[in-house]
Every structure is written in structure tokens, then in C-alpha cells.
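**Q** give me a 3D structure for the following:
(2 chains)
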Amino acid sequence: MQLPVVLKTKWFWYSVLSVFCMGGWTLLGKLGTTEISARTMQFLYPFGWIPVALACLWVRRFRIEKSALGIVYSTAIGVLGGMGGLAFFAACRTGGNTSAIVAATAMYPLITVVLAVLVLREKLTRLHVLGLVFAAAAFVLFSF
Amino acid sequence: MSIPIWFGPAIVVLVCWGIAGLFQKLSTNHLSAETALVWLMVGFFLLDPWLYPQESILIYSRRSLVYALLSSFLNALGGWALLAAMKHGGKASIVVPFTALYPLVTVSLAPLLLHEAITLSQGAGVVCALIAVVLLST
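**A** The predicted model follows:
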């Protein structure tokens, strides 16, 4: 039996790795916020990124590209990610059900997809659209 | 119908991370996943002067601090994997929804680690999420 083409692509396996790491992040984040305030959680956040950033620099032999536009976009991701992270921890601190909060906040790709189609002119197949419908249904079901 | 107290912060998360998802693709059009991650961390640190805690972090238990740092370490690893997926040809409109299915992991492990009950509809959500992964991967 021939394996589906997608299983041979790197982006698929990187995405799978991301799903597992992000799942662990939400669970440990919730455990942390039982004692630590949202503000302090987000303050501590970049420090956990340092080992991964150092590993990235080492992989690139401490030579990084100097695209100004790329730097602006990447730094903006950090700022937006940090603001979103602060709000995420604040939501966790309210004592709400973790699964519901994680599922509701994980609906952000619907905004990304709209922007990707409008700004990047990316095209979606019918199966992709159906996949998005199932993803949205999953998010809603997770919150009950 | 009463709106849960966590709903307001959740909206802020949706908007911030939704726009950040677009920027992830735009940044990896110009930079490698590794370089993008380094600058992303710089962006996080830019917020730290405003977030500087009024209390000493040493008042918190070692266990909570380990949870906080380990949590962000996993987030960084997940962030790098997401950027690498985009760098290796993944479309923003596919990779972002795919990687946002991490509640699958949360819902599966929350009963075990956080002792939070999982409902029948959350179980149905897991099935929907799995179907979504297959469809988004086609």
C-alpha cells in the first residue's frame, strides 16, 4: 500500500510536532497559573524560549539572515503572541474549564485563514474548506 | 444566557494570535524558521518592561516556576516546528488550522493531569478534530 503523499512532506511532521508541544504548553501553563499571576507568567515566558533560541542560533552557526522586513514581521509575532499569551493566562486564572478555554482560544486560525486568503491570495480546495468546518465544529464541541 | 468570565480575554487571544498567524507566513518568506524564532523571542522580551512583576518571583513555589518555564519551553519548540512547517512549503491557511488542533492533546490529557472531567461532546470534538486533520492534510 502506498503512503499518502502528505506523509512524505516535512511540513506535515513539523505540524504534528507542533500540535504535541502546544498541547503540553496549555496543560503546563494551566498548572502554572494556579499559583502565578497572568502578568508574571507572561513575564517569565521569554526565558523559557532562550534554550530553543540558542539551539536555533547554533543550528545556523550563529549566522542569521538580515532581512529587515522578516525581522519586523517576526518581532511583531512576538509582541502579538505576548499580548495574546497574557490574555490567555488571564482567562486560565478565572478558574474556567481548561479544555473550554483552550478550545475557544484555538479558534484563532479562522482569522488567519480569512487573512491568508485575502492578503496572501492562498487558494483552498473544497476538502480544505470541509476540514475547516470540522475544525470549527471540534472547537465548539470542545467547549461544552 | 450568561457569558463566561473568560470570554473577554479569549477574544483578545483570538485577534492577537489570528493576526500573528498571518505574520508567521510573511516572516518565513524572508527568514529561516530558526532566525524567525530568535526575533520572535525578542518581540516577547519587548513586552517584559511592562510586565515586570511587582512581587518577587521567589515567593512562588519551585514547582509552579518549573511549570511556567517548561510550558514556555514547549511553546517555543511548538512555535519553531510551526515556522519550520511553513518554511518547508506548508500554506498558512493549512498549517495554522492544523497546528491549532492542539486542544486534542489538552482534552485528552486534562482528565489525567488536571482531574477535569471530559464530556460526551468533548469526545465528539476529538473525532471532529481527527477528521479535520485528515482533510486539511489532503
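**Q** could you list the buried residues of whichever strand or helix holds B:Ala132?
**A** Assessed by DSSP states H and E, B:Ala132 sits inside helix B:120-136. For helix B:120-136, the neighbour count (16 or more other C-beta atoms under 10 Å in any protein chain shown) marks B:122, B:124-126, B:128-129, B:131-133, B:135-136 as buried. C-betas here are computed from N, CA, C, even on glycine.
**Q** tell me which of those is nearest to B:Gly90?
**A** For these, the residue nearest B:Gly90 by C-beta to C-beta is B:Leu136; the value is 10.2 Å.
**Q** next up, the contacts around the closest one.
**A** Contacts for B:Leu136 (C-beta atoms under 8 Å, 6 or more residues apart in numbering or on different chains) come out as A:128, A:131-132, A:135, B:94, B:97-98.
**Q** can you get me a residue count around the residue of chain A found nearest chain B?
**A** In chain A, the residue that lies nearest chain B is A:Gly78 (1.8 Å; C-beta to the nearest C-beta). The tally of other residues near A:Gly78 (other C-beta atoms under 10 Å in any protein chain shown) stands at 28.
**Q** so what's the closest residue to it other than its chain neighbours up against?
**A** Closest residue to A:Gly78 apart from its sequence neighbours, by C-beta to C-beta, 6 or more residues apart in numbering or on different chains: B:Gly43 at 1.8 Å. Residues near B:Gly43 by C-beta under 8 Å, 6+ apart: A:74-82.
**Q** so which of these are in helices?
**A** Counting by DSSP state H, the part of the contacts of B:Gly43 found in helices is A:74-82.
**Q** can you tell me the element the residue in chain B that chain A sits nearest to falls in?
**A** Per C-beta to the nearest C-beta, B:Gly43 is where chain B lies closest to chain A, at 1.8 Å. According to DSSP H and E, B:Gly43 maps onto helix B:33-51.
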